[in-house]
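Student: have a look at this prediction, sequence included:
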Amino acid sequence: MAVDEATIRERLVKVFARQDFYEACKRRDAGALVRILGAHGITQGEISARTGLAQSTLSKYKTGGHQAEYASTFEKIADGLGMPQRLRQALGLTRDSSPDRSGAATNAVVTGVPADTFDLLRLAEVIGRTGRNVKRRDMLMMAAQLGAATALAKSEIWERLAYALTNPSAMNETLVREMEARSAGFHQLEEISSAQAVLKVLTVHLREVSTLLNGGACDPKDHLRRRLIVVAGECSLLAGWSAGALGDSRTARNFYDTAIKAAKEASDPAITACALAYRSYIPSGNGSNGRARMLLGEALENASLKASPATVAWINARHAEESSLLGDKRQALESWKRAEEAFSLADPEEDRIWTWFLNQDRFDTFHIATDLKIGRIDEAEQLAGNLLVRLGPEEGKRAAVLRENIATAHLARKSVNEASRIAQSGLAIVRETEFQMWLPKYEAIAQALQPHNKQPTVRAYLEEFAMTKRQFASQR
């Protein structure tokens, strides 16, 4: 028997008042939230209808088969159920849409921008100022500890930035360092935030940087100006990547073009190399592997082993991957050898900020993809098995890429059940992080599994993929 809306709202109000529900929010325990709601008459179907989360995903949260890790997931739960601000803060969500919010909205540097955008800007600044690669768990703790309006009102950077935006000549070393810290923070926040949230906040940041640059003198000897141009280039790279992850290739290309212009003005060819390498994912996703490899070749012409060995390692690994997809085994092996040589010299955390993702696990995924396409199935499967054992919960969006590669390796060995199981866990990450760029990869897995759709694990994956595809289509 269907329950009317008034009854559901009444039940939700009672649940929201419970101490155990509040404690579950503080622990960010989605499974406990689902269990408590269920115990008080709020079914998984009703939760799914309000939050947009798949019922199968909620079931896994409830049983402990999957842990919710991303801010975007908790935002969907909080927004869909209409949680009060007390519970939102317990979840580490600082946004408050109430009309009487004070502080950040009125003190914001850029008017008309939602306060939660400034919360993310502040978080990027805090993360970036650590000067190191912060683990996802630590980032979530930082997010939970930031009280939005209070932190923003007391943040000195906002006062300095507000003054510099109206008086560009006031730009100084301290302000530029803080803008650089933000840039570094954004590249790490990308792992725990949805692509849409990252793109929104980067747009605000780039607008501020542009105002500072346009208001200052165009002196090529001005080292502060050059560093700010590098910030603009690095953030344009990430904005392009985020747009691409949302399936907006046109916007992604525009941001990459902006990054290349910044690279030329700042005499920083490494930014150009990264922009071309990021851009190669667009034709690759459309099956134009020749075009992708050409872009990667141009990227390598701009990459320097001395300046950024991690960048050289990454681009060569991508070049090997695209060469293998073209059936060019000789070139794939040559590129992979150069990738390994560069990686042996690299320390991504001491390199450029876009290389921080390139740990051993991520490097191995390129190895798996290359081995699969050149027929070294045994090597790929062994590497994939070892990698799966090492995977930790802090991998973020990289986990979607890792799991897709591992599932593909199992498919090559006709292990359809294992491929389905791993692909399903990766697909959940794609959905939670809105990582639409990788959806075609998971669609290829679905197509390969279709002949085996009578098997329960395969059918579960195919159903979840269809649901994910519909979800993304509805957002366009």
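Tutor: Structure received.
Student: please parse this structure into its domains.
Tutor: Domains of the chain are assigned by automatic domain parsing as 5-90, 104-267, 383-394+403-476.
Student: any chance of those domains in TSV with distance to residue 368 as columns?
Tutor: (C-beta placed from N, C-alpha, C; glycine too.) Formatted as TSV, those follow (distance: least, C-beta to C-beta, whole Å):
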stretch	distance to residue 368
domain 5-90	23
domain 104-267	21
domain 383-394+403-476	5
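Student: can I get the ones you listed in TSV with mean neighbour count?
Tutor: Listed next are the domains of the chain as TSV, based on neighbours: other C-beta atoms under 10 Å:
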stretch	mean neighbour count
domain 5-90	17
domain 104-267	19
domain 383-394+403-476	19
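Student: weakest of the ones you listed by average pLDDT?
Tutor: Among those, domain 104-267 carries the lowest mean pLDDT, a mean of 70.
Student: where does the stretch 251-400 of the chain dip in pLDDT?
Tutor: 391-397 (pLDDT under 70).
Student: contact partners of stretch 376-391?
Tutor: Stretch 376-391 has contacts (C-beta atoms under 8 Å, 6 or more residues apart in numbering) with 361, 364-365, 367-368, 371-372, 399, 402, 405-406, 409-410, 412-413, 422.
Student: taking these together, which two end up most distant?
Tutor: Farthest apart among the contacts of stretch 376-391 by C-beta to C-beta are 399 and 413. That separation is 21.3 Å.
Student: the contacts of stretch 376-391 in helices, which ones?
Tutor: Here DSSP state H is the test, and those give 361, 364-365, 367-368, 371-372, 399, 402, 405-406, 409-410, 412, 422 as lying in helices.
Student: wait, doesn't residue 176 sit right on residue 224?
Tutor: Yes. Checked against C-beta atoms under 8 Å, the pair residue 176 and residue 224 is within contact range at 5.1 Å.
Student: how far away is the closest residue to residue 384 other than its chain neighbours from residue 358?
Tutor: Distances taken as C-beta to C-beta, 6 or more residues apart in numbering place residue 409 nearest to residue 384, at 3.9 Å, with adjacent residues excluded. Computed as C-beta to C-beta, to the nearest Å, the residue 409 to residue 358 distance reads 20 Å.
Student: again with residue 278
Tutor: 13 Å.
Student: same question for residue 241.
Tutor: Using C-beta to C-beta, which is the criterion applied here, residue 241 is 14 Å from residue 358.
Student: please apply the same query to residue 54.
Tutor: Counting by C-beta to C-beta - residue 54 and residue 358 are separated by 31 Å.
Student: and residue 267, by the same measure?
Tutor: Taking C-beta to C-beta, one finds residue 267 at 24 Å from residue 358.
Student: cool, residue 71 as well?
Tutor: According to C-beta to C-beta, residue 71 and residue 358 sit 24 Å apart.
Student: ditto for residue 59
Tutor: Taken as C-beta to C-beta, the span from residue 59 to residue 358 is 35 Å.
Student: equivalent analysis for residue 366, please.
Tutor: In terms of C-beta to C-beta, residue 366 sits 9 Å off from residue 358.
Student: likewise residue 214?
Tutor: Distance, residue 214 to residue 358, using C-beta to C-beta: 34 Å.
Student: which ones are touching residue 266?
Tutor: Per C-beta under 8 Å, 6+ apart, neighbours of residue 266: 226, 229-230, 233.
Student: tell me the one of those residues nearest residue 6?
Tutor: Nearest member of those to residue 6, counting by C-beta to C-beta, is residue 233, at 54.1 Å.
Student: so the closest one is in which element?
Tutor: In the assignment (DSSP states H and E), residue 233 maps to helix 223-245.
Student: same thing with residue 60?
Tutor: helix 55-63.
Student: contacts for that helix?
Tutor: 30-31, 33-35, 38, 44-45, 47-48, 65-68, 428, 431, 460, 463-464, 467.
Student: go with 6 Å
Tutor: The contact list for helix 55-63 (C-beta atoms under 6 Å, 6 or more residues apart in numbering) reads 30-31, 34-35, 44-45, 47-48, 66, 68, 428.
Student: now the helices: where do they sit in the stretch 301-450 of the chain?
Tutor: Along the stretch 301-450 of the chain, counting by DSSP state H, counting those that start in this stretch, helices occupy 309-325, 329-345, 360-373, 377-390, 398-412, 416-433, 439-449.
Student: now the ones you listed as TSV including distance to residue 353?
Tutor: As requested, these are exported to TSV (distance: least, C-beta to C-beta, whole Å):
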stretch	distance to residue 353
helix 309-325	10
helix 329-345	18
helix 360-373	15
helix 377-390	24
helix 398-412	15
helix 416-433	19
helix 439-449	25
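Student: residue 289 is nearest to which of those?
Tutor: helix 309-325 (4.5 Å).
Student: give me the angle between that closest one and helix 398-412.
Tutor: 30 degrees (axes from the mean of the first three to the mean of the last three C-alpha atoms, to 10 degrees).
Student: just the CA atoms of helix 309-325, as PDB, please.
Tutor: Taking C-alpha atoms only, helix 309-325 is exported to PDB below (Å, rounded to 0.1, in the frame of the first residue of the first chain):
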ATOM      1  CA  PRO A 309      59.600  13.300 -15.600                       C
ATOM      2  CA  ALA A 310      56.200  12.300 -14.300                       C
ATOM      3  CA  THR A 311      54.500  14.200 -17.200                       C
ATOM      4  CA  VAL A 312      56.800  12.400 -19.700                       C
ATOM      5  CA  ALA A 313      56.000   9.000 -18.000                       C
ATOM      6  CA  TRP A 314      52.200   9.700 -18.200                       C
ATOM      7  CA  ILE A 315      52.100  10.800 -21.800                       C
ATOM      8  CA  ASN A 316      54.300   8.000 -23.000                       C
ATOM      9  CA  ALA A 317      52.000   5.500 -21.200                       C
ATOM     10  CA  ARG A 318      49.000   7.100 -22.900                       C
ATOM     11  CA  HIS A 319      50.900   6.900 -26.200                       C
ATOM     12  CA  ALA A 320      51.600   3.200 -25.600                       C
ATOM     13  CA  GLU A 321      47.900   2.700 -24.800                       C
ATOM     14  CA  GLU A 322      46.700   4.400 -28.000                       C
ATOM     15  CA  SER A 323      49.300   2.600 -30.100                       C
ATOM     16  CA  SER A 324      48.100  -0.700 -28.800                       C
ATOM     17  CA  LEU A 325      44.500   0.200 -29.700                       C
END
